[in-house]
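1. Predicted model and sequence follow; I will ask about them next.
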Amino acid sequence: MTMPPGFQADIAQLDTFQLPARVTGSASDRALGTALVRAWRRDGIVQIAMDARQTQLWAAAAAAATRFFHQTPAAAKAACVDAHSYAGYVASGEEVTGGVADHAEIFTVTKDLAHSDARVRARWPCHGPCPWPDMDFKAHVVRYTDRLGADGEALLQLVELGLGVARGALTRYTRDGWHHARVLRFPPGNATNGRGRAGRGIGSHTDYGLLVIAAQNEVGGKCLFIRRPAQDEQFANWETSAAGLREDAAGWVYVPPVAGVHTVLLGDMMQYLTRNRLTATPHKVGLNTRERLAIAYFHEPSFQAVLRPLGAGGAATEGIHYGTHFTNMCMRNYPDRITTRRLVAEDRYRLLERPELRTMGAVPPC
Ligand SMILES: O=C(O)CCC(=O)C(=O)O
Ligand SMILES: [Fe+2]
């Protein structure tokens, strides 16, 4: 039993799906899409088998991450910040979820844009370099997460088939998607395991975009909890913060670690686009008796995308600008980071209203 001692929660029994090499819209793709949608609507989470190459890439990325967290001096880690992007190092205790400090050590990866990039020069919020600690860490993390981009696209195509919506109804938003990743180290906790502030890894929250594809090491050190979709638990994180929601309530489901799989949760924009047919998955992480390493990859719409709900009347709505939602979430989680201070001091937030920031593929005027 890998659940931390003293914790009451159901244990998820999850289906593991195998992704096809290519989604063509065949009868078996449709059946798989339908099964995925059914599983998400029932469990809030699915497992996808890693192929041999992914297993290798994950092992190499996890090893590089362990080296980074353990061998880089604290001051060198702390120096991995950038005033323009939210990429880089987040010390344990720095991130805030629902107003309370989390205890994961994190390296965030966002689209790595040089200072010479026109969007960075134009001071678009969140656009800037990724302050990598070293080339070894960068190479392994990028190789691993780049490959997950293909899985993300395949999953979106399968969801389109499963929901019976037009081809491209979801994938039209992910051209030049604002995909990002979080490399996470959870220190060993104590016997409170996930309870109270001493056992807190990351508080209850939903993530922001379409899909969250994650892997973790250390069978026995995992402490991920989710909530299943429930009619009586309504939330919409883009309107009212879902962070901290039902943190200490009953009804959390423990997700046991399984080697060789990725877990896939759903994000806010999936919920918005599908009008709650697929809801974002509330989740939280507790500390366990052993250190735990995880990488979460977020498959997202373009920063510039304005999303509108699928189906009748959707096109007439004002929609949600993903870049604004992402920026709001970063400002909420990192109120004291240099990036937030700079954004506020330079009044960058108001740029999010500009037409070029709300048109996919547009570039800043020179
Ligand atoms: O550690 C995990 O499994 C999930 C981490 C998480 O929720 C996040 O990075 O948003
Ligand atoms: Fe999350």
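-> Okay, I see it. Ligands and ions are numbered 1, 2, ... in the order given.

2. Tally up the residues packed near residue 323, please.
-> Using other Cβ atoms under 10 Å, residue 323 has 23 other residues around it. Every C-beta, even on glycine, is put in place using the N, C-alpha and C of the backbone.

3. helix or strand for it, which one?
-> helix 322-333 (DSSP states H and E).

4. Determine if any part of that helix is in contact with ligand 1.
-> No: remark: helix 322-333 sits outside contact range of ligand 1, by Cβ under 6 Å from any ligand atom, the gap being at least 9.7 Å.

5. who's the closest residue to ligand 1 within the stretch 51-200 of the chain bridged to?
-> Of the stretch 51-200 of the chain, the residue with the smallest distance to ligand 1, taken as Cβ to the nearest ligand atom, is residue 182 at 4.2 Å. According to DSSP bridges, the residues that bridge with residue 182 are residue 108, residue 296.

6. re the thing from before, which strands and helices sit next to the helix holding residue 323?
-> Counting contacts by 3 or more Cβ pairs under 8 Å, 6 or more residues apart in numbering; DSSP states H and E, helix 322-333 is packed against strand 96-97, helix 268-273, helix 338-345.

7. in it, what's buried?
-> Using 16 or more other Cβ atoms under 10 Å as the burial criterion, the residues of helix 322-333 that qualify are 322, 323, 324, 325, 326, 327, 328, 329, 330, 331, 333.

8. CA-only coordinates of it, as PDB, when you get a sec.
-> Provided in PDB are the C-alpha atoms of helix 322-333 (Å, rounded to 0.1, in the frame of the first residue of the first chain):
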ATOM      1  CA  TYR A 322      -6.200  32.000 -22.700                       C
ATOM      2  CA  GLY A 323      -3.200  34.300 -22.300                       C
ATOM      3  CA  THR A 324      -5.100  36.500 -19.900                       C
ATOM      4  CA  HIS A 325      -6.200  33.400 -17.900                       C
ATOM      5  CA  PHE A 326      -2.600  32.100 -17.800                       C
ATOM      6  CA  THR A 327      -1.300  35.500 -16.700                       C
ATOM      7  CA  ASN A 328      -3.900  35.800 -14.000                       C
ATOM      8  CA  MET A 329      -3.000  32.400 -12.600                       C
ATOM      9  CA  CYS A 330       0.700  33.200 -12.500                       C
ATOM     10  CA  MET A 331       0.100  36.500 -10.800                       C
ATOM     11  CA  ARG A 332      -2.100  34.700  -8.300                       C
ATOM     12  CA  ASN A 333       0.500  31.900  -7.600                       C
END
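
9. Please state the offset of that helix from the chain centre?
-> Between the mean C-alpha location of helix 322-333 and the chain-wide mean there is a distance of 13 Å, by Cα atoms, centre = their mean, to the nearest Å.

10. same question, stretch 152-159
-> Mean-position distance between stretch 152-159 and its chain equals 16 Å (Cα atoms, centre = their mean).

11. Tabulate the CA atom coordinates of it in PDB.
-> Written as PDB, here are the backbone C-alpha positions of stretch 152-159 (Å, rounded to 0.1, in the frame of the first residue of the first chain):
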ATOM      1  CA  GLY A 152      -1.400  15.900 -26.400                       C
ATOM      2  CA  GLU A 153      -2.500  16.400 -30.000                       C
ATOM      3  CA  ALA A 154      -3.500  12.800 -30.400                       C
ATOM      4  CA  LEU A 155      -5.600  13.000 -27.200                       C
ATOM      5  CA  LEU A 156      -7.300  16.100 -28.400                       C
ATOM      6  CA  GLN A 157      -8.200  14.500 -31.700                       C
ATOM      7  CA  LEU A 158      -9.600  11.500 -29.900                       C
ATOM      8  CA  VAL A 159     -11.600  13.800 -27.600                       C
END
